[in-house]
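Chemist: sequence plus the predicted model coming up.
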Amino acid sequence: MLFYPAALPLSRQTLDYTAGIIRRHRRLIGSPWRKLNARQQALLVLAYLRKGETFAELAAGFGISTATAWRYVTETTALLAARSPKLRQALRAASKAGHAYLVIDGTLIPIDWVAADRPFYSGKHRRHGMNLQVIASPGGEIVWVSGPLPGAVHDLTAARIWGIIAELDASGLVVLADKGYLGEDGLRTPYRGRNKPASQKDANRAHARLRAPGERANAQLKAWRIVRKLRCCPWRAGQLAKAIHALQTREVGPGPRS
């Protein structure tokens, strides 16, 4: 096997944050010595999430077994995901930050499954995957990310399953959504239908302009290559996304007030 130097486009702050979580966990469970120290384990996990490296590739690069690489990644992603905020907590923080509105949008995390697995097939995206619901700030920062549901689940249905609609109503925040959420009074969605009056067309254009920056949150999520196409169990999509959210918050820092 050949080896080569590689760069990881993440800040040292993110590495230190992840290493600190691992170090505290090792002390808690009484596991002070391992093949890799906390900082090396953090670097391995960040390479897995950001670059989508396989366990075999990571194991070879760090001089450990494939099973150990898998164990380190599984342990650390669970620790990171636990630090992603719960929905109510995230909405309170968004309200405290003074955001003028939030944006909700569904995203599909592709999986490598076959056509027979119909519940995982999204007709909208024409591929198999897992549906995640993402709430974003007006600037495009991730505010909250849901757990996974099969790709065939409609966005509005997914939002109701996760209790998002009820929590948004209780928060009093203005929330913009696309046409996939039509039919829910608590969300601001575009007008639909042909031959709309000029006032509705203008409203739709304004709605699209306001929503567009918020949709960058999905792009931020998928900048981490591991979620561009899952090679692991599809039901891990939510945990991986929540781990990425915890890291992305550290990476971008607190956003501006909107």
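Modeler: Thanks, I have it. Residues are numbered from 1 along each chain as shown.

Chemist: mind listing the helices for this protein?
Modeler: 12-29, 38-51, 55-62, 66-81, 87-97, 155-161, 164-171, 198-214, 216-222, 237-252 (DSSP state H).

Chemist: any chance of those in TSV, plus mean neighbour count and mean pLDDT?
Modeler: The C-beta positions use only the backbone N, C-alpha and C, and glycine is treated the same way. Output for these, formatted as TSV (neighbours: other Cβ atoms under 10 Å; pLDDT from 0 to 100):
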stretch	mean neighbour count	mean pLDDT
helix 12-29	15	96
helix 38-51	21	97
helix 55-62	18	94
helix 66-81	19	97
helix 87-97	16	95
helix 155-161	19	94
helix 164-171	17	92
helix 198-214	14	90
helix 216-222	18	90
helix 237-252	22	92
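
Chemist: dump those to CSV, plus distance to Arg192.
Modeler: Listed next are those as CSV, based on distance: least, Cβ to Cβ, whole Å:
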stretch, distance to Arg192
helix 12-29, 42
helix 38-51, 38
helix 55-62, 46
helix 66-81, 36
helix 87-97, 27
helix 155-161, 14
helix 164-171, 19
helix 198-214, 9
helix 216-222, 22
helix 237-252, 29
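
Chemist: ok, which of these comes nearest Asp185?
Modeler: Asp185 lies closest to helix 164-171 among those, at 9.0 Å (Cβ to Cβ).

Chemist: check which helices and strands that closest one sits against.
Modeler: Helix 164-171 is packed against helix 87-97, strand 102-110, with contacts defined by 3 or more Cβ pairs under 8 Å, 6 or more residues apart in numbering; DSSP states H and E.

Chemist: from the chain's centroid, how far away is that helix?
Modeler: 20 Å (Cα atoms, centre = their mean, to the nearest Å).

Chemist: just the angle between it and helix 87-97, please?
Modeler: Orientation check (axes from the mean of the first three to the mean of the last three Cα atoms, to 10 degrees): helix 164-171 against helix 87-97 gives 40 degrees.

Chemist: leaving out sequence neighbours, find the closest residue to Arg216.
Modeler: Excluding its sequence neighbours, the residue lying closest to Arg216 (Cβ to Cβ, 6 or more residues apart in numbering) is Gly140, at 3.2 Å.

Chemist: so what's that neighbour up against?
Modeler: By Cβ atoms under 8 Å, 6 or more residues apart in numbering, the contact set of Gly140 is Pro213, Gly214, Glu215, Arg216, Ala217, Ala219, Gln220.

Chemist: burial measure for the closest residue in space to the third one that isn't next to it in sequence, as a count.
Modeler: Read it as Glu215. Distances taken as Cβ to Cβ, 6+ apart put Asp105 closest to Glu215, at 5.5 Å, once the chain neighbours are dropped. Neighbour count of Asp105, defined by other Cβ atoms under 10 Å: 20.

Chemist: going forward, begin numbering at 366 instead of 1
Modeler: In the new numbering, first residue 366, that becomes Asp470.
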